[in-house]
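Enquirer: Pasting the sequence and the predicted coordinates here, then a few questions.
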Amino acid sequence: MLGATFLLALREIRRHLLRSFLTTLGIIIGVAAVITMVTLGRGLTANVQEDIAGLGSNVFIVFPESVEERQPAPFDDMDVAAVERQIPGVVNAAGSSQTPAVAFHNGQDWSTTVQGADAAFFAAQSIEVVEGRGFSQRESERGESVCILGPKIVDEIFVEDAVLGETMRVGNVSCLVVGVIDERSNAVGGGQDADDVVLMPLKTVQRRFTGGTNIQFFVVKYDDSYTSASIQQQLIDLLRERRVIQEGEANDFNIVDTADINDTVNNVTGTMTAVVTVIAAISLLVGGIGIMNIMLVSVTERTREIGIRLAIGALAKEVRLQFLTEAVVLCCFGGLIGILLAFGLSIMLASAIDLPFLFDPTVNIISFLFSAAMGMIFGYYPAHQASKLDPIDALRHE
């Protein structure tokens with residue numbers, strides 16, 4: 001009986017193909033919108049998490065910060081050493097300084113950033129050298145003119161396979177290229193492209209570019225067996241003591257916790273995706289109302305048919321099942337078309353705004369089942385009305 005009912009439902013949908021399509025348009029748009037929004041939301045979250053990962057995991061980044069328009073005292077090597085030595089749970093601490101510069105090689109030039117970094121900085125920020133090598137201890141201690149390049153620099157001013165061992169000029173400083181780092185993220189910190197950087201030993205940058213021994217910021221990597229809150233509080237206490245900040249005075253430094261950034265981004269993107277999804281889901285309700293409306297019209301149009309079926313022995317539950325099946329099949333077709341439309345839209349929009357396309361089978365299955373449920377919910381009343389018709393009155397219907 002179910003098979004015959006299903007075939008009858010398909011026949012009725014095919015008889016009024018255009019009307020059936022227009023009826024399911026609300027379901028199609030609703031399903032497509034929900035899936036597209038969830039997919040783009042997942043892609044946005046993954047993209048931002050990748051950017052944050054470029055800062056390193058279990059990492060604090062400490063910057064000087066102006067207080068009451070007074071310039072803060074800069075950090076120095078002793079501050080960094082004290083943090084690493086005196087705070088339990090700190091794996092390593094590493095300072096850095098950076099400045100804009102123009103890189104030259106083989107007649108090509110490119111505006112970039114030169115950044116001072118030693119082995120501890122590479123470890124703290126999870127920077128991986130994929131070609132060549134990192135800086136040796138001797139190169140770091142003596143501040144030699146060697147450099148490690150971000151992949152974007154390589155793409156812009158180098159010939160492929162001719163990077164390591166080449167000599168290039170950064171500003172007025174010549175340096176030997178000893179390595180290339182892996183791609184890190186699209187942008188990290190103030191819109192700066194983390195792949196568009198020339199890394200040199202910190203002492204080289206301090207001596208040849210920024211002057212002095214000041215450190216613009218430093219990173220603190222801590223053991224994940226310790227809580228970030230306890231490490232952060234100890235860090236604040238130590239820096240206040242070293243910078244002679246009196247009780248009641250504001251800190252002249254700022255501590256950025258990458259874990260907090262990650263949690264905040266997840267909460268914001270999750271909330272935005274949920275809100276947009278709920279708004280998009282409203283069209284599913286509108287589509288469900290459209291299904292109910294057209295099924296009521298169908299019951300009116302087929303009153304004599306219903307009367308004949310009832311008169312020759314069909315049961316009321318069989319009539320109800322027929323119309324309910326039609327509503328569910330109609331919604332299921334709308335759900336399938338919506339899923340296909342969402343797949344295409346998600347790929348197109350993700351490519352247009354440079355987000356990863358992350359296909360989620362769960363949301364597609366849930367959307368399809370929800371559209372089927374809409375058919376059952378909104379199709380039940382018209383089906384029930386059809387099953388309650390009196391055969392004699394139905395046969396008299398013109």
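Expert: Received, thanks. Residues are numbered from 1 along each chain as shown.

Enquirer: Which phi and psi values does the spatially most central residue of the chain adopt?
Expert: Nearest to the mean C-alpha position of the chain, by Cα atoms, centre = their mean, lies Thr45 at 1.8 Å. Per-residue torsions, Thr45: phi -60, psi -50 (degrees, to the nearest 10).

Enquirer: okay, now Gly132: neighbour count?
Expert: Counted by other Cβ atoms under 10 Å, the residues lying close to Gly132 total 15. (C-beta placed from N, C-alpha, C; glycine too.)

Enquirer: residue contacts, the closest residue to Val328 other than its chain neighbours?
Expert: Once flanking residues are discounted, Val328 sits nearest to Gly375: 3.7 Å by Cβ to Cβ, 6 or more residues apart in numbering. By Cβ atoms under 8 Å, 6 or more residues apart in numbering, the contact set of Gly375 is 288, 291, 324, 327-332.

Enquirer: tell me the SS of Ile148?
Expert: strand (DSSP: H, G, I helix; E, B strand; the rest coil).

Enquirer: Could you chop this structure up by domain?
Expert: Domains of the chain are assigned by automatic domain parsing as 2-51+263-396, 98-213.

Enquirer: Was I right to think Met295 contacts Tyr380?
Expert: No. The pair Met295 and Tyr380 does not pass the contact test of Cβ atoms under 8 Å, sitting 9.5 Å apart.

Enquirer: neighbour-wise, which of the two wins?
Expert: Met295 (25 against 17).

Enquirer: Identify the residues contacting that one.
Expert: Taking Cβ under 8 Å, 6+ apart as the test, what Met295 contacts is 323, 326-327, 378-379, 382-383.

Enquirer: Just the buried ones from the contacts of Gly375?
Expert: 288, 291, 324, 327-332 (16 or more other Cβ atoms under 10 Å).

Enquirer: Backbone torsions only: list them for the nearest residue to Arg42 once chain neighbours are set aside.
Expert: In space, and not counting its chain neighbours, Arg42 is closest to Leu358: 4.5 Å by Cβ to Cβ, 6+ apart. Torsion angles at Leu358 (phi, psi; degrees, to the nearest 10) stand at phi -110, psi 100.

Enquirer: While we're on Leu358, how confident is the model there?
Expert: The score at Leu358 is 84. That number is its pLDDT.

Enquirer: count of residues packed around it?
Expert: By other Cβ under 10 Å, the residues close to Leu358 number 17.

Enquirer: same for the host helix or strand of Met37, what does it pack against?
Expert: Following DSSP states H and E, one finds Met37 within helix 17-53. Packed against helix 17-53 by the contact rule (3 or more Cβ pairs under 8 Å, 6 or more residues apart in numbering; DSSP states H and E) you find helix 258-301, helix 316-352, helix 361-387.

Enquirer: For that helix, buried residues please.
Expert: Quick answer for helix 17-53 (16+ other Cβ under 10 Å): 20, 23-45, 47-48, 51-53.

Enquirer: same deal with stretch 246-258?
Expert: Neighbour counts over stretch 246-258 (16+ other Cβ under 10 Å) mark 252-253, 255, 257-258 as buried.

Enquirer: ok, back up a step: mutual contacts of Met295 and Tyr380, please.
Expert: Common neighbours of Met295 and Tyr380 (Cβ under 8 Å, 6+ apart) are Ala327.

Enquirer: Leaving out sequence neighbours, find the closest residue to Thr99.
Expert: In space, Thr99 is closest to Phe209, 5.1 Å off (Cβ to Cβ, 6+ apart).

Enquirer: what do you get for Ile29?
Expert: Once flanking residues are discounted, Ile29 sits nearest to Ser283: 5.1 Å by Cβ to Cβ, 6+ apart.

Enquirer: so where is this protein shaky, pLDDT-wise?
Expert: By pLDDT under 70, the low-scoring segments of the chain are 1-6, 8-10, 12, 49-57, 185-192, 280, 390-398.

Enquirer: Quick check, Ile153 in contact with Thr112.
Expert: Yes. Contact criterion Cβ under 8 Å: Ile153 and Thr112 qualify, at 6.0 Å.

Enquirer: Those two - which one has more neighbours?
Expert: For Ile153 versus Thr112, neighbours defined as other Cβ under 10 Å are more numerous around Ile153 (26 against 22).

Enquirer: Pull out the buried positions in the host helix or strand of that one.
Expert: In this assignment (DSSP H and E), Ile153 forms part of helix 151-157. Residues of helix 151-157 classed as buried under the neighbour-count rule (16+ other Cβ under 10 Å) are 151-154, 156-157.

Enquirer: Quick check: the farthest pair among these?
Expert: Greatest spacing in the buried residues of helix 151-157, by Cβ to Cβ: Pro151 and Ile157 (12.0 Å).

Enquirer: Leaving out sequence neighbours, find the closest residue to Arg138.
Expert: Glu144 (7.5 Å).

Enquirer: Pull the number of nearby residues for the one you found.
Expert: With other Cβ under 10 Å as criterion, Glu144 counts 18.

Enquirer: Help me confirm that it is found in a helix?
Expert: No. Read with three-state DSSP, Glu144 is coil and lies in no helix.

Enquirer: wouldn't it be in contact with Leu202 here?
Expert: No. Under the criterion of Cβ under 8 Å, Glu144 is not in contact with Leu202, lying 11.8 Å apart.

Enquirer: my read is Cys175 is in a helix, agree?
Expert: No. Read with three-state DSSP, Cys175 is strand and lies in no helix.

Enquirer: what bridges to it?
Expert: Taking DSSP bridges as the rule, Cys175 bridges to Met168.

Enquirer: My guess is it contacts Thr167. True?
Expert: Yes. With contact defined as Cβ under 8 Å, Cys175 and Thr167 form a contacting pair (7.2 Å).

Enquirer: Who has more neighbours out of those two?
Expert: Using other Cβ under 10 Å, the more surrounded residue of Cys175 and Thr167 is Cys175, with 24 against 11.

Enquirer: give me phi/psi at Val130?
Expert: Dihedral angles of Val130 (phi, psi; degrees, to the nearest 10) stand at phi -100, psi -20.

Enquirer: what secondary structure does Asp354 sit in?
Expert: coil.
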